[in-house]
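S.K.: okay, sequence plus prediction incoming.
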Amino acid sequence: MEAIKQDIKVINKVSAKEKMKAYFRNPVSLILFLLVVAAAVVTFVVLAFLIGYILIKGVPHLTPSLFAFQYNTENVSLVPALINTITMTFFSLLIAAPLGIFSAIYLVEYAKRGNKFIGVIRITAETLSGIPSIVYGLFGMLFFVTALHWSYSIMAGAFTLAIMILPLIMRTTEEALKAVPDSFREGSFGLGAGKLRTVFVIVLPTAVPGILAGVILGIGRIVGETAALIYTAGTAPNVPENLMGSGRTLAVHMYALSSEGLYMNQAYATAVVLLIIVVVINTLSGYIAKKIAAR
């Protein structure tokens, strides 16, 4: 085994050298190669700068008072906003994830190929993915807050965010299901399994990593959303007594602190907590996806 690994390393080194020679022989290839490397370097530098700037400005201001359970003008605690963020994320995914996943299953596994109505659904989903979040916020305010008389509430915000991330989860799940080889389905049918069993026992487990990728993107959009929630969930700084009460998430909390101009240090500290939450969610989701894929 060790000898085989050494041979593979040698082959990879040789192929890499040959590729570099090919790049230098062709000026166009060299220019494109340098552009790709430059783009990767610029992306990494910008990302490192943003993360470093947030950490440098925010970490020194992570004081115990910032994590008090009750919010007031002296501690400007982020704990109520953190609880509201978790609640908002849970209920938004509870609404959007089943609808998006089952819709994608129907489009890929059950709908007839070439159906014009299915094409309209796909175009509509792609269009909804590009709508600015403030438009969703205005819709949520007019429909959930005003027409349904839900007032500014966690429930109104959750339903608005569910509508916002639904196209994202649906399209990502659809692509994940399409990536499952047809041989998996044919083998299942050949063993006598029905359509439903094939979908839920063979196809879905295979597509779980791609589906989780869509869910992770949805969580990231929920956690970082502000415009849609200001018009639907409100900006109350405390934890509401029930889902029909108003409450702000971490992103809205950070926006409120920075817009007031009096608590910029606490706003940077909130950004650090928000960054840590996103990293933890992505790490856990990636770990779960790898475990499921390995099985």
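M.R.: Structure received.

S.K.: okay, CA-based contacts and neighbour counts for the rest of this
M.R.: Fine.

S.K.: any idea which residue is closest to the centre of this protein?
M.R.: Closest to where the C-alpha atoms of the chain average out (CA atoms, centre = their mean) is Leu217, at 1.4 Å.

S.K.: pull out the buried residues from stretch 276-288.
M.R.: 282, 285-286 (16 or more other CA atoms under 10 Å).

S.K.: now, which of those lie within helices?
M.R.: 282, 285-286 (DSSP state H).

S.K.: returning to what we had before: among the buried residues of stretch 276-288, which one lies nearest to Phe67?
M.R.: Asn282 (23.2 Å; CA to CA).

S.K.: contacting residues for that closest one?
M.R.: For Asn282, the contacting residues are Ile216, by CA atoms under 8 Å, 6 or more residues apart in numbering.

S.K.: show me what the host helix or strand of Ala162 is packed against.
M.R.: Using DSSP states H and E, Ala162 sits in helix 154-178. With contacts taken as 3 or more CA pairs under 8 Å, 6 or more residues apart in numbering; DSSP states H and E, helix 154-178 sits against helix 79-105, helix 116-129, helix 133-140, helix 204-223, helix 227-230.

S.K.: so which of those gets nearest Ser153?
M.R.: Closest among the helices and strands packed on helix 154-178, using CA to CA: helix 227-230, at 9.3 Å.

S.K.: got the angle between the next helix or strand after that closest one and helix 204-223?
M.R.: Later in the chain than helix 227-230, the nearest helix or strand by DSSP H and E is helix 250-260. For helix 250-260 against helix 204-223, the angle by axes from the mean of the first three to the mean of the last three CA atoms, to 10 degrees is 20 degrees.

S.K.: what's the angle from helix 250-260 to helix 79-105?
M.R.: 130 degrees.

S.K.: contacting residues for Glu225?
M.R.: Neighbours of Glu225 in contact, by CA under 8 Å, 6+ apart: 133, 251-252.

S.K.: mind putting those residues in CSV, pLDDT and distance to Gly140 included?
M.R.: Shown next, in CSV, are the contacts of Glu225 (pLDDT from 0 to 100; distance: CA to CA, whole Å):
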residue, pLDDT, distance to Gly140
Ser133, 89, 10
Ala251, 90, 18
Val252, 91, 16
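
S.K.: so, low pLDDT: which residues of the stretch 151-295 of the chain?
M.R.: Within the stretch 151-295 of the chain, the ranges that satisfy pLDDT under 70 run 292-295.

S.K.: same thing but at 50, please
M.R.: Residues of the stretch 151-295 of the chain meeting the criterion pLDDT under 50: none.

S.K.: repeat for the stretch 1-150 of the chain
M.R.: Looking at the stretch 1-150 of the chain by pLDDT under 50, you get 1, 3-5, 7-8, 10-11, 14.

S.K.: between the two ends of stretch 223-230, how far is it?
M.R.: With CA to CA, to the nearest Å as the measure, stretch 223-230 spans 13 Å from end to end.

S.K.: how about it: buried residues?
M.R.: 223-230.

S.K.: cool, stretch 257-265 as well?
M.R.: For stretch 257-265, using 16+ other CA under 10 Å, the buried residues are 257-258, 263-265.
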